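Engineer: give me a model of this one.
(2 chains)
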There are 2 protein chains.
Amino acid sequence: MITTEQAAVLAEPLYGHLGTIRPDNTVQVNPMWFSFDGETLRFTHTRSRAKFRNLQSNPAMSLEIIDPENPFNYTEVRGELAEVIPDPDGDFYVELGRRYGNPGQLPPPDSAERVILVMRITKVISG
Amino acid sequence: MITTEQAAVLAEPLYGHLGTIRPDNTVQVNPMWFSFDGETLRFTHTRSRAKFRNLQSNPAMSLEIIDPENPFNYTEVRGELAEVIPDPDGDFYVELGRRYGNPGQLPPPDSAERVILVMRITKVISG
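Structural biologist: Below is the predicted model:
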C-alpha cells in the first residue's frame, strides 16, 4: 500500500498538516510532528485539546506532507484513530522533539495529560 | 477579525493546506495556492476534482499555513465556500502562478473547466 518513495517521505522530519472533523461537521487543519513505524503514524497530543475531542466524535484523520524542495509533490495519508496511549512522562514528545532537530528536548509542561495518537493508515496518495 | 499580523501572513506566497470533508464524512487535506483580497480567500480549482465534489456536499473549508522560518507559528483560516466563479481562460491560475514565483506562467491545459473557489472567512486562529 505504501511505496518505497512514500515511506521515504514519511521517514523525513517534515511537518505534517493534519485534518480532523469537528463535532459540528466543519474541518480543522493543524501542523503536527509525527513518526512512522512502517505501519502506523504516531502523534503527540493532549486530552484537553480540540483535536482530541474531534477524534472522539469522528475518528477520521488525514495527514498531508509537501516536499519543501518541490511543493507540487505531496503525499496524503488517510486513515483513522486506532488507539490512544497515555504518555504521562512526555517520553514520546521528547522522542519527536529529537526527531525534529532538538537533541536536548525536554518533556513538555503538560506531560501529565500527554497521549500518543496512533493512526491506522487506510490509503496513501501521492500528487 | 483578522489582525495585521495575520493579514501579513496571508499576503505572502506561502502554500496553504486546505481541509475539506468528503461525502463519507472523512477528511481530505491538499496543498493549495491561494490569494487573499482583504476579505475572502480565493483558490484555483477544477469542476472535476474530488475537492469540488466534497464542497458540494459540505461547504466547510479550513486553510492552515505555517511560517517556514518557525513552524510553531501557524495560522488557520476557517470558513466556507461562498461562490464558484468560472475561469475558462485560466486567468486566475496565471495570476496565482505569478504570485507563486513564475512570471511566465501560462494557462493550464485544463483551463476550460477551471473555476475560482471563493471562501468566506468565519474565523482566523493563530497558534
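Engineer: how about the residues of chain A by chain B?
Structural biologist: A:15, A:17-21, A:25-31, A:58, A:60-64, A:66, A:68, A:71, A:74, A:76, A:78, A:80, A:127 (CB under 8 Å from any CB of the partner chain). All C-beta spots, glycine's among them, are computed from the backbone N, C-alpha and C.
Engineer: just the buried ones from these?
Structural biologist: Buried subset of these (neighbour count, 16 or more other CB atoms under 10 Å in any protein chain shown): A:15, A:17-21, A:26-31, A:58, A:60-64, A:66, A:74, A:76, A:78, A:80.
Engineer: give me the subset of the residues of chain A next to chain B lying in strands.
Structural biologist: Among the residues of chain A next to chain B, the members found in strands (DSSP state E) are A:17-21, A:27-31, A:60-64, A:66, A:71, A:74, A:76, A:78, A:80.
Engineer: show the end-to-end separation of stretch A:83-99, please.
Structural biologist: From the first residue to the last, stretch A:83-99 extends over 22 Å; the measure is CA to CA, to the nearest Å.
Engineer: give me the mean pLDDT for that stretch.
Structural biologist: Stretch A:83-99 comes out with an average pLDDT of 98.
Engineer: show me what it is in contact with.
Structural biologist: Residues outside stretch A:83-99 that contact it (CB atoms under 8 Å, 6 or more residues apart in numbering or on different chains) are A:13, A:33-35, A:42, A:44, A:105-108, A:111-112, A:114-118.
Engineer: which of the residues in it are buried?
Structural biologist: Within stretch A:83-99, judged by 16+ other CB under 10 Å, the buried ones are A:87, A:90, A:92-97.
Engineer: against residue B:122, how distant is the most far-flung residue of chain A relative to its centre?
Structural biologist: The C-alpha centroid of chain A is most remote from residue A:24, which lies 22.1 Å away (CA atoms, centre = their mean). Distance, residue A:24 to residue B:122, using CB to CB, to the nearest Å: 11 Å.
Engineer: next one: residue A:48
Structural biologist: Applying CB to CB, the value for residue A:48 to residue B:122 is 24 Å.
Engineer: gap between the two ends of stretch A:108-118?
Structural biologist: For stretch A:108-118, by CA to CA, the gap between its terminal residues amounts to 19 Å.
Engineer: for the record, mean pLDDT for that stretch?
Structural biologist: pLDDT averaged over stretch A:108-118 gives 97.
Engineer: with stretch A:60-76 instead?
Structural biologist: Rounded mean pLDDT across stretch A:60-76 is 91.
Engineer: can I get the CA coordinates of that stretch in CSV?
Structural biologist: Output in CSV follows, covering the C-alpha atoms of stretch A:60-76 (Å, rounded to 0.1, in the frame of the first residue of the first chain):
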residue,chain,number,x,y,z
ALA,A,60,-11.2,10.2,10.5
MET,A,61,-7.7,11.6,10.1
SER,A,62,-5.7,12.8,7.0
LEU,A,63,-2.1,14.0,7.1
GLU,A,64,-0.7,15.9,4.1
ILE,A,65,3.0,16.5,3.7
ILE,A,66,4.7,18.6,1.0
ASP,A,67,8.2,18.2,-0.3
PRO,A,68,9.8,21.6,0.6
GLU,A,69,12.0,21.4,-2.4
ASN,A,70,9.1,20.9,-4.7
PRO,A,71,5.7,21.8,-3.2
PHE,A,72,3.9,20.3,-6.2
ASN,A,73,5.0,16.9,-4.8
TYR,A,74,2.8,16.0,-1.9
THR,A,75,1.7,12.9,0.0
GLU,A,76,-1.6,12.5,1.7
